[in-house]
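Asks: coordinates for the following, if possible.
(one chain, ligands or ions: 1)
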Amino acid sequence: MKIGVVSFPGSNCDHDLYHVVKHVCGADAQYVWHKDRLPAGLDAVMLPGGFSYGDYLRCGALARFSPVMEDVVGYARGGGPVVGICNGFQILCEAGLLPGALLRNASLHFVCQDVLIEVQGAETPFTAGLRGERLRVPVAHGDGNFFADDATLDRLEGEGQVVFRYVGGAPNGSARDIAGVAAGPRMNVVGLMPHPERASEAILGSADGKKLFESLLGAAG
Ligand SMILES: NC(=O)CC[C@H](N)C(=O)O
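Replies: Below you'll find the model as predicted:
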């Protein structure tokens, strides 16, 4: 199994993701620089968290034009598993691979805390067999307030595209407490604001996030 972890200028969770995929889960991880093409034969692509391009203009709005994104869009449209975490989620929304947008947090403050999320919606490569599971994972963002108009939200719920919801209220004002969504021909594109890669080892306080990577690696393998 070969997992590509894309690094943009300003990514700061690419090493954490690489570590979890390679050293915690034992899969083959490789970095992909945002100016390069996606290597052939990847089983999944991950866009990490961080502050790509310093969050200038809007989070993810510039990274979406990075050269590698042309390949990421093609890979996703072809059914390849793509996961975006936090800034990666923002980039996937900006690229049009996921619906909705991430607005400034309702509090106008950066939030950094553990949250509980529940896996819902359709099965995705990242959540196979996990529906109903509650996971304790941290959030750390300034722009995680998921927004879409009511008709779109109804459609997302109806199609099973809401795959993660905050339990006990969203820390950022997200519509309908949505923490993550999926899209694509096989629900193969998944984005979420919380950071499962920061909660994949017991020494970090929670290993719940590892379940998502294990799901992905099982599906990818
Ligand atoms: N941890 C992250 O990826 C942060 C994403 C983005 N820079 C924000 O503050 O919303």
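Asks: same for the host helix or strand of Ala151, what does it pack against?
Replies: Ala151 belongs to helix 150-158 when elements are defined using DSSP states H and E. Counting contacts by 3 or more C-beta pairs under 8 Å, 6 or more residues apart in numbering; DSSP states H and E, helix 150-158 is packed against strand 178-183. Using the backbone N, CA and C atoms, a C-beta is placed for each residue, glycine as well.
Asks: so how far is the strand it packs on off the chain centroid?
Replies: Mean C-alpha position of strand 178-183 versus that of the full chain (C-alpha atoms, centre = their mean, to the nearest Å) differs by 8 Å.
Asks: could you do stretch 30-38 as well?
Replies: 18 Å.
Asks: what residues of it count as buried?
Replies: Within stretch 30-38, the residues that qualify as buried are 32, 34, 38, counting by 16 or more other C-beta atoms under 10 Å.
Asks: look at the first one and tell me its secondary structure.
Replies: Under DSSP: H, G, I helix; E, B strand; the rest coil, Val32 falls in the strand class.
Asks: tell me the contacts of it?
Replies: Residues near Val32 by C-beta atoms under 8 Å, 6 or more residues apart in numbering: 4-7, 38-39, 45, 68.
Asks: any chance of those in CSV, plus distance to Phe213, secondary structure and pLDDT?
Replies: Written out in CSV, the entries for these read as follows (distance: C-beta to C-beta, whole Å; DSSP: H, G, I helix; E, B strand; the rest coil; pLDDT from 0 to 100):
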residue, distance to Phe213, secondary structure, pLDDT
Gly4, 14, strand, 98
Val5, 12, strand, 98
Val6, 16, strand, 98
Ser7, 18, strand, 98
Leu38, 20, coil, 98
Pro39, 20, coil, 97
Val45, 14, strand, 98
Val68, 21, helix, 98
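Asks: among these, which two are most distant?
Replies: Between any two of the contacts of Val32, the greatest separation by C-beta to C-beta is 13.6 Å, found for Ser7 and Pro39.
Asks: higher neighbour count, these two?
Replies: Ser7 (23 against 11; other C-beta atoms under 10 Å).
Asks: check which helices and strands whichever strand or helix holds Leu17 sits against.
Replies: Per DSSP H and E, Leu17 falls inside helix 14-19. In this structure, helix 14-19 makes packing contacts with strand 2-7, strand 28-33, judged by 3+ C-beta pairs under 8 Å, 6+ apart.
Asks: please enumerate the strands of the protein.
Replies: Per DSSP state E, the chain has strands spanning 2-7, 28-33, 44-47, 82-85, 101-103, 111-119, 134-141, 145-147, 162-166, 178-183, 189-192. These are given in chain order.
Asks: distance to Ala219 for those strands - can I get that in CSV?
Replies: Shown next, in CSV, are these (distance: least, C-beta to C-beta, whole Å):
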stretch, distance to Ala219
strand 2-7, 12
strand 28-33, 15
strand 44-47, 8
strand 82-85, 11
strand 101-103, 25
strand 111-119, 14
strand 134-141, 17
strand 145-147, 24
strand 162-166, 14
strand 178-183, 13
strand 189-192, 11
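Asks: so where is this structure shaky, pLDDT-wise?
Replies: Screening the chain residue by residue with the criterion pLDDT under 70, one finds the ranges 220-221.
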